[in-house]
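>>> pasting a predicted model and its sequence here:
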Amino acid sequence: MKEPSQVYGTVTIGQRGQVVIPMKVRKALKISAGDQLIVMSGPPGRKDMISFIPAQRISQVLQYPQEPVSGLKKEREKGGRQ
């Protein structure tokens, strides 16, 4: 059985579009300053939601359809820079 989703609190989008990830989340997911997160819509079929996936755990995303995975690979290759 899958683990239920965890609610960690809320965040506010700053004027520059930045989001501060709460410390409780960073500790639970072992996310540190400088880590890359992949941003995508989802879970699958939910375009009204956002998922942040640590780049080093991308292999777990391979269960999703090929199109989002292809987009993630392209973003990863260019270093996630805009």
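Arrived safely, thanks for sending. The structure displayed is predicted, hence computed values, not measured ones. Numbering: from 1, shown residues only.

>>> and the pLDDT for the residue nearest to G42 when sequence neighbours are not counted?
Leaving aside its sequence neighbours, G42 sits nearest to S51 (CB to CB, 6 or more residues apart in numbering; 4.5 Å). Every C-beta, even on glycine, is put in place using the N, C-alpha and C of the backbone. pLDDT for S51: 84.

>>> next one: S5
Reading off the model, S5 has pLDDT 78.

>>> shaky segments in this protein?
Applying pLDDT under 70 to the chain flags the ranges 1, 59-69, 80-82.

>>> the strands in it, which residues?
Under the criterion DSSP state E, the chain contains strands at 37-41, 50-54.

>>> G71 is nearest to which of the ones you listed?
strand 37-41 (7.5 Å; CB to CB).

>>> for the closest one, give me every contacting residue.
Outside strand 37-41, the residues that touch it by CB atoms under 8 Å, 6 or more residues apart in numbering are 31, 47-55, 58, 61, 68, 71-72, 75-76, 80.

>>> how about a cut-off of 7 Å?
If you take CB atoms under 7 Å, 6 or more residues apart in numbering as the criterion, strand 37-41 is touched by 47, 49-55, 58, 68, 72, 75.

>>> weed out the non-buried ones from those.
If you count burial by 16 or more other CB atoms under 10 Å, the buried members of the contacts of strand 37-41 come out as 51, 53, 68, 72, 75.

>>> which of those lies closest to R26?
Nearest to R26 among the buried ones among the contacts of strand 37-41 is I53, at 14.3 Å by CB to CB.

>>> picking up where we left off before, okay, the contacts of strand 37-41 in TSV with distance to G14 next?
TSV is the format used below for the contacts of strand 37-41 (distance: CB to CB, whole Å):
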residue	distance to G14
K47	23
M49	20
I50	16
S51	20
F52	16
I53	22
P54	22
A55	22
I58	27
P68	27
L72	25
E75	22
